[in-house]
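[1] One predicted model, sequence on top.
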Amino acid sequence: MAQTDYYKALGIEKGASADDIKKAFRKLAVKYHPDRNPDNKGAEDTFKEINEAYAVLSDPEKKQQYDTFGSSGFHNKYSQEDIFRGFDFGNAYKDMGGGGGAEDIFSRLFGRSGGRGGFRSVQQNGADHEMELTISFRDAAQGAEKQVAFRRNGQREELKVKIPAGVDNGSKIRISGKGAQSDSGGSPGDLFLILHVAPDPVFIRDGGDLIVERPISFSAACLGISLDVPTLEGDKRIKVPAGIQPGTKIRLKGCGIKALGSNTRGDLYVKIGVHIPEALNGEQKKLVEELAGKGL
């Protein structure tokens, strides 16, 4: 179950709306409900699978994490207890037929003893905490490991956090169990790091692409030139063709930012500008006048 594709489990596409996700789940939940399929291990496994899928895809935060990191990456961050944390079984099975209430469903999924009569109420988990973390542009683009200090339950704690390559402003990193302690014996909450990416003096980010602005002289624009341009991995030499126009972009494929949870990378664009001197010495002015006389 850990590697289940939740969208396939519910028979829906990745872009399905919240209403479509709910309809698909309810239809399958009725079909595979254990009370309708007694002693059918396959139906029971499918039933657990679709409940797990719905618990994730019906929760905006968990769905975003699943869509961002994929099945494998998601399950590295979320245990089964995490997946069902905050999931309202009563609401999920409201007005549904098929026998058995929300308490039975919880008992079946989590192996609680006693069936309908032996259901135990869910303990209240601790509150989640949020913390803002500013990182450099290159750490966001290439990934990094950061030492983070925070206060929890009145005490200072430190831990190392892995920043995945490709994060952007507003990205969240979830640290399980580092939120507030529960007052009722439940699990502690989680800590969410909200990332802020500092601007870079060289690179401009456009989604997964990078833009570098490079001015060249008028003569270089007319005659062409080879020049070194910065990338995240160091300088690369490009050839600027003769007659290039100001604002033209030269593309370096695959030199942009890595997509989260993927090896796919964007591109880097070198935006060419033409530098016009603010003042000319006597010789330069004479040469420009000669060029003007020849139609340039």
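    That came in fine, so what should we check first?
[2] Tell me where the stretch 101-250 of the chain has helices.
    102-110, 137-142, 218-223 (DSSP state H, counting those that start in this stretch).
[3] worst average pLDDT in those helices?
    Among these, helix 102-110 has the lowest mean pLDDT, at a mean of 54.
[4] And Gly86, what's its pLDDT?
    The predicted local confidence for Gly86 is 74.
[5] wait, I meant Gly114
    Model confidence at Gly114, given as pLDDT, is 37.
[6] Identify the residue spatially nearest to Pro188, adjacent ones excluded.
    Leaving aside its chain neighbours, Pro188 sits nearest to Gly126 (4.3 Å; criterion: CB to CB, 6 or more residues apart in numbering). C-beta: built from backbone N, CA, C; applies to glycine.
[7] same thing with Ser217?
    In space, Ser217 is closest to His275, 5.7 Å off (CB to CB, 6+ apart).
[8] Kindly report the same for Asp235.
    In space, Asp235 is closest to Asp228, 4.3 Å off (CB to CB, 6+ apart).
[9] got a list of what that neighbour touches?
    Asp235, Lys236, Arg237, Ile238 (CB atoms under 8 Å, 6 or more residues apart in numbering).
[10] Of those residues, which is the most crowded?
    Within those, Ile238 tops the neighbour count with 16 neighbours, counted by other CB atoms under 10 Å.
[11] which residues does that one form a beta bridge with?
    Leu227 (DSSP bridges).
[12] what's stretch 54-71 in contact with?
    With contact meaning CB under 8 Å, 6+ apart, stretch 54-71 is reached by 2-7, 10, 14, 18, 21-22, 25, 29, 74, 76-78, 83-84, 86-87, 92, 174, 260-261.
[13] Buried by neighbour count, from these: which ones?
    4, 6-7, 10, 21-22, 25, 29, 74, 77-78, 83-84, 87, 92, 174, 260-261 (16 or more other CB atoms under 10 Å).
[14] Kindly tell me how buried Lys178 is, as a neighbour count.
    Using other CB under 10 Å, Lys178 is surrounded by 21 other residues.
[15] Quickly note the distance from it to Phe192.
    Computed as CB to CB, to the nearest Å, the Lys178 to Phe192 distance reads 9 Å.
[16] Sounds good, over and out.
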